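1. just a sequence and a predicted model for now, questions to come.
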Amino acid sequence: MRTDSKPDIPSRNRVSDSVVRSQLARMLASEIFSRSARLSAFLRFVVEENLKGRGDCLKETVIASELYGKRFGFDPANDPAVRVDARRLRDRLREYYESEGAADSIRIEIPKGGYAARFLPLSPAAPPAKSTPEEPVPGIAVLPFENFSNDAAQEYLADGLTDGIITELAKLGALRVISRTSVMLYKRLRKPLQEIAWELGVTHILEGSVIRCAGRVRITCQFVQAHPERHLWAESYERELHDVLKVLAEIALAVAKQIRVVSTAPEVQTRCAINPLAYESYLKGRYHCRLSTPQDLRRGVECFQEALAQDPAYAPAYAGLAEAWLWLGDRGVVPTSASHPKARATAQRALELDPNLAEAWNALAGVAAWHDWDWEQADSLFTRALDLNPRCSTGHMQYGFFLGQTGRHKDAILENRLAHVQDPFSILIECYYGEHLYWAHRFEDAIEHLHASICLDRGSLMAHVYIGLAYAGLGRLFEAIEAFSAARRLAPRFPYALSLLAYAHARANQRDKAMERRGELEALATRGYMPAFCFASAALGFNEHDRAVEFLEKAYEGKERTVCLLGVEPFFDDLRRHAGFMNLVRRMNFPSPTSEPEC
């Protein structure tokens, strides 16, 4: 349990790093800064560089390179982009402190004549007058439960119980619960609770620990109001593992009582005891699938199958298995013609056992959308999943992706932003937002947003892929090559990054490098499954339009998910008048777009 719950008090001469980062998070969440991803990224970058002791090194060329990706031939004398944005940022800072930030205790400035930031304590002894924006409903963050067992291998149990409590709280009435991706950023991070609440935009924090001993678990948790900080409730539970679902429901109801939320969840007594071995294997499966590597996805399948061997009637394990098979197919690890029928069968079995399991409905929607290409059915199934769990960030994100690929860009962006509300720090959700902008041919906007995402997480594979596509859409091929190269460094065996590199090298008249990349694709294909879509992408780079369409036909025959993008993917604009491509798109029977791009 965390004991450092009091925020740092800045000294007269120096503001602590943690308080600066808390102030930065408040500012980025404000209405003034939320209007511009570009200026938000600029502010975050210069603040972090100062905190790392590199403020004196902030020159125009550094900012242009690291923030805007302008690494080739950038000349500050001829390109004023950094100076213009710095001036805009200073204006935005002044506007913020004259309105939303008028009562803040820390002031962040970027004095003229440079790019180094200054952090000024305005009222050192007083806490911020207003910590988070007023919310119509309480907001709760469940911090990652700590594993106090003398066994690091039990980490999956602590993570699984964190997930379980988030799920139980989401079943309550009027309550906003932050999703797993955002709260897991605080795992093993020692930080004052008030700062975490500021950053996540919540009013309350639930934290706890888990001790596993043989077949019993001891769960200790405490519930805290963030502003003003006040301890509301604490309790310890020691039960057999098969009763853990009842414990999680009891915790959720105790939390609801503290904040006077009327529960709409089923009674605790209706929660069935579970097979402890099945539950343990299920948690391991969830743990591995969230790591998302091909090896972990395969291991996740094995864990879910082990859970079902222990308890053939355990519906959540069937739903988890369905999601794992979907990911294996979508990532190009196995052919979708093999993975998606298995996903359908396991999702249907889950629903036979529990018709109200939102995760199973969502998996079934994915099969309808990305294997059956039954757009009307997919829309109905996604909607059903969200009706059952309207606070599911993954459900909103995937439904948004589906709407975007069918050309409904405005609706897609709305669903993506609903996902963002539930999971504000999810890089994947932000990457999908950038992709929606890219699909709508808003390349500059996509680049601006994805640069901000990369600043938050330079290890985001998909952010590098999508920004590379946006650069390619603008004809900025050297920047596209750099982005695709970064993606390949992050995942050397990711076939789509390799095929896009071949495409970009060919378009940039670097034929030798393009041929080398295509040769690598062919070599990989001899050792395992390779999506035909990858060869189509490479062929398009060489302007081999007929060959590209031939490979797209193979992708169509193989039911590859990427074929679903043909209606909106700007990458294939050069093929729009090709007879074979037009015939292929017609056979996909995409629904007519019903809305215009908007964000």
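-> Yes, it's here.
2. would you map out the domains in the protein?
-> Listed domain ranges for the chain are 17-121, 139-268, 415-599 (source: automatic domain parsing).
3. can you lay out these as JSON lines showing mean pLDDT and distance to residue 371?
-> Every residue, glycine included, has its C-beta placed from N, CA and C. Output for the domains of the chain, formatted as JSON lines (pLDDT from 0 to 100; distance: least, CB to CB, whole Å):
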{"stretch": "domain 17-121", "mean pLDDT": "81", "distance to residue 371": "34"}
{"stretch": "domain 139-268", "mean pLDDT": "83", "distance to residue 371": "26"}
{"stretch": "domain 415-599", "mean pLDDT": "90", "distance to residue 371": "5"}
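4. turn those domains into CSV, including mean neighbour count and distance to residue 343.
-> As requested, the domains of the chain are exported to CSV (neighbours: other CB atoms under 10 Å; distance: least, CB to CB, whole Å):
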stretch, mean neighbour count, distance to residue 343
domain 17-121, 17, 34
domain 139-268, 19, 21
domain 415-599, 20, 12
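5. now do the helices in the stretch 401-550 of the chain.
-> All helices of the stretch 401-550 of the chain, identified by DSSP state H, counting those that start in this stretch, fall at 409-422, 427-439, 443-456, 461-473, 477-490, 495-507, 511-527, 532-541, 545-557.
6. so how far is the second one from its chain's centroid?
-> Looking back up the chat, that one is helix 427-439. For helix 427-439, the separation from the chain centroid amounts to 10 Å (computed by CA atoms, centre = their mean, to the nearest Å).
7. from the contact counts, what lies against that helix?
-> Identification of packing neighbours for helix 427-439 by 3 or more CB pairs under 8 Å, 6 or more residues apart in numbering; DSSP states H and E yields helix 393-405, helix 409-422, helix 443-456, helix 461-473.
8. now with 10 Å?
-> Using 3 or more CB pairs under 10 Å, 6 or more residues apart in numbering; DSSP states H and E, the elements in contact with helix 427-439 are helix 37-51, helix 180-183, helix 393-405, helix 409-422, helix 443-456, helix 461-473.
9. now do the fourth one
-> Applying 3+ CB pairs under 10 Å, 6+ apart, one finds that helix 461-473 contacts helix 427-439, helix 443-456, helix 477-490, helix 495-507.
10. possible to save these as TSV with distance to residue 376?
-> Converted to TSV, the helices and strands packed on helix 461-473 look like this (distance: least, CB to CB, whole Å):
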stretch	distance to residue 376
helix 427-439	21
helix 443-456	29
helix 477-490	34
helix 495-507	29
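11. minimum distance to residue 108: which of those has it?
-> helix 443-456 (16.5 Å; CB to CB).
12. what is the closest one packed up against?
-> Looks like helix 443-456 contacts helix 37-51, helix 60-68, helix 427-439, helix 461-473, helix 477-490 (3+ CB pairs under 10 Å, 6+ apart).
13. residue 218: which of these is closest?
-> Among the helices and strands packed on helix 443-456, the nearest to residue 218 by CB to CB is helix 427-439 (33.7 Å).
14. what's the angle from the closest one to helix 443-456?
-> Following axes from the mean of the first three to the mean of the last three CA atoms, to 10 degrees, one obtains 160 degrees for the angle between helix 427-439 and helix 443-456.
15. helix 427-439 to helix 461-473, inter-axis angle?
-> Here helix 427-439 runs at an angle of 10 degrees relative to helix 461-473 (the same axes, to 10 degrees).
16. before we move on, the earlier item: dump the helices and strands packed on helix 427-439 to CSV, plus distance to residue 506.
-> CSV is the format used below for the helices and strands packed on helix 427-439 (distance: least, CB to CB, whole Å):
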stretch, distance to residue 506
helix 37-51, 31
helix 180-183, 36
helix 393-405, 26
helix 409-422, 29
helix 443-456, 20
helix 461-473, 11
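17. ok, which of those comes nearest residue 513?
-> Ranking the helices and strands packed on helix 427-439 by proximity to residue 513 (CB to CB) places helix 461-473 first, at 15.1 Å.
18. just how off-centre is that closest one within its chain?
-> On the basis of CA atoms, centre = their mean, helix 461-473 sits 16 Å off its chain's mean C-alpha point.
19. return it as PDB; C-alpha atoms alone will do.
-> The C-alpha trace of helix 461-473 is given here as PDB (Å, rounded to 0.1, in the frame of the first residue of the first chain):
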ATOM      1  CA  LEU A 461       4.600   0.300 -33.000                       C
ATOM      2  CA  MET A 462       1.300   1.300 -34.600                       C
ATOM      3  CA  ALA A 463       1.900   5.100 -34.100                       C
ATOM      4  CA  HIS A 464       5.000   4.800 -36.200                       C
ATOM      5  CA  VAL A 465       3.200   2.700 -38.900                       C
ATOM      6  CA  TYR A 466       0.300   5.200 -39.100                       C
ATOM      7  CA  ILE A 467       2.400   8.300 -39.200                       C
ATOM      8  CA  GLY A 468       4.500   6.700 -41.900                       C
ATOM      9  CA  LEU A 469       1.400   6.200 -44.000                       C
ATOM     10  CA  ALA A 470       0.300   9.800 -43.400                       C
ATOM     11  CA  TYR A 471       3.800  11.000 -44.600                       C
ATOM     12  CA  ALA A 472       3.500   8.700 -47.600                       C
ATOM     13  CA  GLY A 473       0.100  10.200 -48.400                       C
END
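20. spatially nearest residue to residue 488 (excluding sequence neighbours)?
-> Nearest non-adjacent residue to residue 488, counting by CB to CB, 6 or more residues apart in numbering: residue 497, 4.4 Å away.
21. that neighbour and residue 287: what is the separation?
-> Distance, residue 497 to residue 287, using CB to CB, to the nearest Å: 26 Å.
22. the domains of the chain into CSV, with extra columns for distance to residue 368?
-> Shown next, in CSV, are the domains of the chain (distance: least, CB to CB, whole Å):
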stretch, distance to residue 368
domain 17-121, 33
domain 139-268, 24
domain 415-599, 11
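23. for residue 322, which of those is the nearest?
-> Closest of the domains of the chain to residue 322 is domain 415-599, at 15.1 Å (criterion: CB to CB).
24. show me what contacts the residue lying closest to residue 289 once chain neighbours are set aside?
-> Distances taken as CB to CB, 6+ apart place residue 300 nearest to residue 289, at 3.8 Å, with adjacent residues excluded. Shown in contact with residue 300 (CB atoms under 10 Å, 6 or more residues apart in numbering): 284-292, 320-321, 323-325, 327-328.
25. from the residues you listed, which would you call buried?
-> 284-290, 320-321, 323-325, 327-328 (16 or more other CB atoms under 10 Å).
26. return the item of those residues having minimum pLDDT.
-> Within the buried ones among the contacts of residue 300, residue 290 has the lowest pLDDT, namely 80.
27. contacting residues around that one?
-> For residue 290, the contacting residues are 156, 159, 163, 180-181, 184, 296-297, 300, by CB under 10 Å, 6+ apart.
28. a markdown table for these, including distance to residue 592?
-> Listed next are the contacts of residue 290 as a markdown table, based on distance: CB to CB, whole Å:
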| residue | distance to residue 592 |
| --- | --- |
| 156 | 46 |
| 159 | 43 |
| 163 | 39 |
| 180 | 36 |
| 181 | 34 |
| 184 | 40 |
| 296 | 39 |
| 297 | 35 |
| 300 | 38 |
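29. quick one: which of these is nearest residue 417?
-> When the contacts of residue 290 are compared against residue 417 (criterion: CB to CB), the nearest one is residue 181, at 15.6 Å.
30. what's the spacing between that closest one and residue 144?
-> As judged by CB to CB, residue 181 and residue 144 stand 11 Å apart.
31. all helices of the stretch 1-150 of the chain, in order?
-> Secondary structure of the stretch 1-150 of the chain, counting by DSSP H, counting those that start in this stretch: helices at 17-28, 31-34, 37-51, 60-68, 81-98.
32. residues contacting residue 25?
-> Residue 25 makes contacts with 44, 195-196, 198-201, 424-425, as judged by CB under 10 Å, 6+ apart.
33. so for residue 451, what's the nearest residue that isn't a sequence neighbour?
-> Spatial nearest neighbour of residue 451, excluding adjacent residues (CB to CB, 6+ apart): residue 41 at 5.9 Å.
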